[in-house]
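[1] I would like to see how this sequence folds:
(chains A, B, C and D)
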4 protein chains.
Amino acid sequence: MNPKKIGIALAGYGMIGRLHAMNYRQIPFIYPGILPELELRSVCTSRESSARAARAEAGFITATTEIEKLLEDPLVEVVDISLPNNLHLPVARAALAAGKHVYCEKPLAGTLEDALAIQTAADTGPGTFGMVFQYRFIPAVQRAKEILQQGKLGRIFSFRAEYLHSGYQDPQRPLTWRMKRESGGSGALGDLGSHVIDLMRYLLGDFESLQAHLERFIPRRPLTRGGTDLGEVTVDDAAWLRVRLASGALGTIEASRFATGTLDDLRFWIYGEGGALHFDLMNPNYLAWFDESNPGGDHGGQRGWQRLQTVQHYPGALTPPARSPLGWDRAHTENQVAFLSAVTSGKEPSPGIRDGLEVQIVLDGAERSSAAGGTTVVLD
Amino acid sequence: MNPKKIGIALAGYGMIGRLHAMNYRQIPFIYPGILPELELRSVCTSRESSARAARAEAGFITATTEIEKLLEDPLVEVVDISLPNNLHLPVARAALAAGKHVYCEKPLAGTLEDALAIQTAADTGPGTFGMVFQYRFIPAVQRAKEILQQGKLGRIFSFRAEYLHSGYQDPQRPLTWRMKRESGGSGALGDLGSHVIDLMRYLLGDFESLQAHLERFIPRRPLTRGGTDLGEVTVDDAAWLRVRLASGALGTIEASRFATGTLDDLRFWIYGEGGALHFDLMNPNYLAWFDESNPGGDHGGQRGWQRLQTVQHYPGALTPPARSPLGWDRAHTENQVAFLSAVTSGKEPSPGIRDGLEVQIVLDGAERSSAAGGTTVVLD
Amino acid sequence: MNPKKIGIALAGYGMIGRLHAMNYRQIPFIYPGILPELELRSVCTSRESSARAARAEAGFITATTEIEKLLEDPLVEVVDISLPNNLHLPVARAALAAGKHVYCEKPLAGTLEDALAIQTAADTGPGTFGMVFQYRFIPAVQRAKEILQQGKLGRIFSFRAEYLHSGYQDPQRPLTWRMKRESGGSGALGDLGSHVIDLMRYLLGDFESLQAHLERFIPRRPLTRGGTDLGEVTVDDAAWLRVRLASGALGTIEASRFATGTLDDLRFWIYGEGGALHFDLMNPNYLAWFDESNPGGDHGGQRGWQRLQTVQHYPGALTPPARSPLGWDRAHTENQVAFLSAVTSGKEPSPGIRDGLEVQIVLDGAERSSAAGGTTVVLD
Amino acid sequence: MNPKKIGIALAGYGMIGRLHAMNYRQIPFIYPGILPELELRSVCTSRESSARAARAEAGFITATTEIEKLLEDPLVEVVDISLPNNLHLPVARAALAAGKHVYCEKPLAGTLEDALAIQTAADTGPGTFGMVFQYRFIPAVQRAKEILQQGKLGRIFSFRAEYLHSGYQDPQRPLTWRMKRESGGSGALGDLGSHVIDLMRYLLGDFESLQAHLERFIPRRPLTRGGTDLGEVTVDDAAWLRVRLASGALGTIEASRFATGTLDDLRFWIYGEGGALHFDLMNPNYLAWFDESNPGGDHGGQRGWQRLQTVQHYPGALTPPARSPLGWDRAHTENQVAFLSAVTSGKEPSPGIRDGLEVQIVLDGAERSSAAGGTTVVLD
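    Residues are numbered from 1 along each chain as shown, chains lettered A, B, ... in the order given. Have a look, this model is predicted:
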């Protein structure tokens, strides 16, 4: 590849595609010199007008509605996919077949079948395949990983992870692609649950078995706001998993779009023999750590949760200052840096195809367990 | 009954019995004149030395190790039971047969069979039967009940309730009666879970079905601290329930003695179409309420969680000041007042035998579901 | 004194008097056997009806409206004063002259002159003189004292202490004795400020100088609710102090009855070379401690505030459980225990007359500084 | 001016200059089309190597160490100044004289004399003069402004504003330009205090008088880390102000670099007759609002602080999502957008020269009050 410049194309330019594009522009200021120049070469969206607008806004050299055209450009080395889940397979397969590196939004695909096909394509081609599981890149999560790797928590007994959104509790909210199985793949489970499934797997290891329940609270919705024609919601509104990890730890996972009052409430608690950890995305500047080795004593002694000031402590980052509050988008930027660093160094990205696939296996197991009334599904 | 004086006997004088006794002494200062004089007549414990010590400490007129002696006293009108769960049935049955009113610590009994036998005895005798589910009497919980009764939350989609303790994660912690089925009945499920099961039923209505998993993290423990002889733990260390209420709402309940870093962490979240509620016992002065009817607007408008200052706002209470921080014991006192007020007015206490029984049915269902691998158990 | 029994009389039976009486009844359950039997012998209030009501409620043997009668009883050994500040001097002097021990609510007196006269009386008589500064006895404050005594904070640079109440911002709130200099002595400064002045002195040492401003936001108020006759408020509504301690540390103190939205918001922050401390009465179960010796590192390393779980960790207390939330009244009970233990052991109580006097000197200095436009007042 | 493109030059490229440059790159993604194209034309730093590095990193067309060269470029329309405070005057004056628009970091200058000279230059030239007081642009602060403008708080009694940093408490920390009067102008007061002075003035109106104390905790420091040669610190380490506003409200302001355990702890509380507001930069997603008009009632009724979910609710912003956590840098971007919008529309920017000057007058008054022992200084 060109050691001086990386050509990037975006497949999809919704809210997340726009964010990725903006972040590529920020990277040189945060980590000057660690990557070649990043060139935003092209963008592909479903309509010509949106493609043109995206080009104007972001400064892409070209814009198209045909993914093939985008792939023909030899200077495009990275294809960044932020499309509905059912389009991940065709676009990723085509990009990989064209020798491109692929950076793919979560979940890997709409179905396990699709995910396996992407894996096959990724294993076959020369390109690097990176996943977006950006919450791994919050400093508090990185710190949690360090504490766990140092064995500070010892045997893990249990955990709780939840990712709660609101907004869907309004029955008048119209049907969108996110509520249809053929486009969204799964609902809250895939959209939100995939993040916390990945986080728990990243921190605590592989999943062994699960029992799940998926619920549609509002099964039919208007096709348009205020309209009277209704369509069926074919994905879950909320999902509950009880899982056992390979380590023996037990956990519960909840994903919901019906959690009134929540914003972007991703939270976890991990309880181990040697201590505990807690994180809350809505106050992302801290990792709460309880170290069981602190002794008790008069008036309670040394025991208590420590709110580690992880803030924006990214090693080597020049701006924003490490002590000032972290924004949600920053972890996305770091995920992009990690992927591009893997591309330039030829290393396997983390998270990569395997991480995407493992999450998809859990999503698939949850669907199967729920369909069978909550029976135990062993994940192989 | 004597309109001027109520004679009270305590069966059991551990930490909770002592607390009840202390609270009876406080009631006249908090609510002067609303009850007859409360006389601490007698105490019954398992050993003569502890009975004597209890009498000296609390000022009981008599002390005994035989429950029958306690029941012979015609001036004892109320028997307050704070004994291991398996002793609830014999003592409650004898007290009710002797025409006494009974105030019983939760859970109602060690087994559903025992609980049903207590119910039969309570239905037969003239005495009033009151339960201790003191968390109902925290002002924040009372406020939650009011908001729910006013229909502010509309359709309830889901809830989460957890009661987490720590301390048992130490493998050297010796075996006690709380870890044996024949004395404790159940473990974290009965000891802690019973509280949040009652709270959710109190706030949201009856349970319809459940799936449960009970776990023993440390199945064998030393019989004495530092000893090498081991005995088997025969109750759960932690329990997870996924329940469906009669209203259709879905909920998860967790009870654990292995939640490192927790103290007395009873928390719940309730998500409804019209709003949401949150409570945390470790900061018991507030009920967090999200009112979905608050409009959005520039910079977010009026939307947000309101931390209602419930503090110690007990209507009519003269001390401590309503604005100052609530202590854990205060809800116990209020439960005692509610029971004694029912006794003097001849009304059915709330919580009463039916509440105790309903919780026991859920505990029993959870045991059966877990034993069968987590299958759905419908509660009748 | 009688080694088996301590006779206690209450001078004043408002909200605080009632609380003290209730607490004497609780002590045997919390610390069985550490004190002689406590007998509530008599109560003195300003009106016969309230005296009779207090006797009936609390079980005093006698009730009176004349302090002399109360002092005639040789079995009264302790006089507990919860009266308007201007009455502290006559009652304390009479009680001390009668050979009684005195337990006095803060502030010591309405004026420095009165306070010095009480000191003279206390130094002359055989009785023990104890002060109520109950916030010292919150476990989190005790823990702060330990950490400071161990030198963990090193040189103290600065502190902030505030005690904020609300309610007086309503201009229709009628004039009461608390708003008149002749009865209340001072306003927010004496009522609320005295607590945080004592706390900072207890934790950080003596005050050297200060600059102060006292403000009356609403100088005239109705004499009765809804009335049109107005009277003058002659004490401060809020007070601000900037102080320098003998140690060189600088601090700010704020006391206000006009802090809308506050309940019982006593908070402090202490910043030292080796660390920092923070406490908030509205969540009294924790002391927040920042230990500067924790090293930084990747993603922030070990740095962060630890929320020490002080809860109700009173050494030796049998109930309530140490892990459950602390109530506001509990620190009052502990202050009473400390005083009575001093009485029985013959030791000087802490807090005692000297502590009361030192706070009064600061109050007086603040009045003088404010009257002079905020000039520096050196405290001797 | 060119309606299609704005040429921007940066004077200074430290942490803040870099941040500004990065933010100019982000604006098109957040608000596509609301501004002309932004061209980063040139950068001026003190050393050639750093100028070259900045050009390479940020993509400036030219780099220089001579401000005159930068000003010669007719396509440079905006000069963005992020230099030590003593350099604000010469650079701003030269830029304004060259007909440029100026965007100036706070505080306006190192001295009031300099600030007045800048004002004269700004009033004379055709260019627009904008200030950086980015904390105004946090949605929670905007929401506070709206609530205050709607009169919800009524008469303001008092406020508290503090901006606390740590790090300087280490005596080995070497002397830098920020600790010297001739370069930094003032210390914590100017660096941190200027922000909260501006915020309180923005929210509550003009300052009328003040009393202040400035402290140097560590008056001499090593010139280099580990060195033995010491130099004098000539600015304050911490500053305390007690102020009266034109509205009659009283407030305290604290700025410190010695607040161990703090990160970027900007906090304020405002207490009014009709309610109260609270903000904490370390959890910037919320504005806490207490609305006194909410009625009390059983168990406290409707009273309590509401945590308004201001998050990233910037009207019209396309990314990041409004519901996800706000980063510190985002308010800087919004300040830049506001300034550039003023430039393109020809309106007076807010904050502008007048805001910078008013803050400088307060800074100057605080210096004078402290030098005179804390006497009252009336601000004209």
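[2] Which residues does whichever strand or helix holds A:Ser194 contact?
    A:Ser194 is part of helix A:194-204 when elements are defined by DSSP states H and E. With contact meaning CB atoms under 8 Å, 6 or more residues apart in numbering or on different chains, helix A:194-204 is reached by A:106-107, A:133, A:135-136, A:141, A:144-145, A:148, A:156, A:159, A:161-163, A:207, A:241, A:243, A:245, A:247, A:249, A:251, A:253, A:255, A:266, A:268, A:270, A:351, A:355, A:358-359, A:362-363. C-beta coordinates here come from the backbone N, C-alpha and C atoms, glycine included.
[3] State the mean pLDDT of the next helix or strand along the chain from it.
    Going down the chain from helix A:194-204, the next helix or strand is strand A:207-215, by DSSP H and E. The pLDDT scores in strand A:207-215 average 98.
[4] Any part of strand A:207-215 near chain B?
    Yes: contact of strand A:207-215 with chain B (CB under 8 Å from any CB of the partner chain) involves A:Gln211, A:His213, A:Glu215.
[5] Determine the set of other helices and strands touching the helix or strand where A:Pro28 lies.
    If you go by DSSP H and E, A:Pro28 is part of helix A:15-30. Applying 3 or more CB pairs under 8 Å, 6 or more residues apart in numbering or on different chains; DSSP states H and E, one finds that helix A:15-30 contacts strand A:5-11, strand A:37-44, helix A:48-58, helix A:328-345, helix D:15-30, helix D:48-58.
[6] where does A:Leu71 land in three-state SS?
    Counting by DSSP: H, G, I helix; E, B strand; the rest coil, the backbone at A:Leu71 sits in helix.
[7] who's in contact with it?
    A:Ala9, A:Val79, A:Ala94, A:Ala95, A:Ala98, A:Lys100.
[8] Now with 6 Å, please.
    Applying CB atoms under 6 Å, 6 or more residues apart in numbering or on different chains, one finds that A:Leu71 lies in contact with A:Ala94, A:Ala98.
[9] Same check on the one 4 residues further on?
    By CB under 6 Å, 6+ apart, the contact list for A:Leu75 reads A:Gly7, A:Arg41.
[10] any idea how far chain D is from it?
    With the distance defined as CB to the nearest CB, to the nearest Å, A:Leu75 ends up 19 Å from chain D.
[11] so that residue is in which element?
    Applying DSSP H and E as the criterion places A:Leu75 outside every helix and strand.
[12] How about the one 5 residues further on?
    A:Asp80 is part of strand A:78-81, with elements assigned from DSSP H and E.
[13] Kindly report the same for A:Arg244.
    Element membership of A:Arg244, judged by DSSP H and E, is strand A:238-245.
[14] Same question for A:Ala121.
    For A:Ala121, the host element (DSSP H and E) is helix A:112-124.
[15] roughly how far out does the helix holding A:Ser194 sit from the chain middle?
    Between the centre of helix A:194-204 and the centre of its chain there are 10 Å (CA atoms, centre = their mean, to the nearest Å).
[16] ok and that helix relative to strand A:238-245, angle-wise?
    Computed by axes from the mean of the first three to the mean of the last three CA atoms, to 10 degrees, the angle separating helix A:194-204 from strand A:238-245 equals 20 degrees.
[17] CA atoms of helix A:194-204 as PDB?
    The C-alpha trace of helix A:194-204 is given here as PDB (Å, rounded to 0.1, in the frame of the first residue of the first chain):
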ATOM      1  CA  SER A 194     -24.300  -6.500  20.500                       C
ATOM      2  CA  HIS A 195     -22.300  -3.800  22.200                       C
ATOM      3  CA  VAL A 196     -22.600  -5.100  25.700                       C
ATOM      4  CA  ILE A 197     -22.100  -8.700  24.600                       C
ATOM      5  CA  ASP A 198     -18.900  -7.700  23.000                       C
ATOM      6  CA  LEU A 199     -17.800  -5.700  26.000                       C
ATOM      7  CA  MET A 200     -18.400  -8.600  28.400                       C
ATOM      8  CA  ARG A 201     -16.700 -11.000  26.100                       C
ATOM      9  CA  TYR A 202     -13.800  -8.600  25.700                       C
ATOM     10  CA  LEU A 203     -13.400  -8.200  29.500                       C
ATOM     11  CA  LEU A 204     -14.400 -11.600  30.800                       C
END
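[18] now it and strand A:207-215, what's the angle there?
    Calculated by the same axes, to 10 degrees, helix A:194-204 forms an angle of 160 degrees with strand A:207-215.
[19] Return the set of buried residues in helix A:194-204.
    Buried residues in helix A:194-204, counted by 16 or more other CB atoms under 10 Å in any protein chain shown: A:Ser194, A:His195, A:Val196, A:Ile197, A:Asp198, A:Leu199, A:Met200, A:Arg201, A:Tyr202, A:Leu203, A:Leu204.
[20] Reformat these as TSV; add distance to C:His313.
    Below are these laid out as TSV (distance: CB to CB, whole Å):
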residue	distance to C:His313
A:Ser194	43
A:His195	39
A:Val196	35
A:Ile197	39
A:Asp198	40
A:Leu199	34
A:Met200	33
A:Arg201	38
A:Tyr202	37
A:Leu203	32
A:Leu204	32
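[21] ok, how many other residues are close to A:Pro222?
    A:Pro222 has 16 neighbours, counted by other CB atoms under 10 Å in any protein chain shown.
[22] which non-adjacent residue is nearest it?
    Nearest residue to A:Pro222, sequence neighbours excluded (CB to CB, 6 or more residues apart in numbering or on different chains): A:Pro174, at 5.2 Å.
[23] May I have the secondary structure class of that neighbour?
    Following three-state DSSP, A:Pro174 is assigned to coil.
[24] tell me the domain ranges of chain A?
    A:5-135, A:139-353+A:356-378 (automatic domain parsing).
[25] How far away from the center of its chain is the last one?
    So the one you mean is domain A:139-353+A:356-378. From the chain centre to the centre of domain A:139-353+A:356-378 is a distance of 9 Å (CA atoms, centre = their mean).
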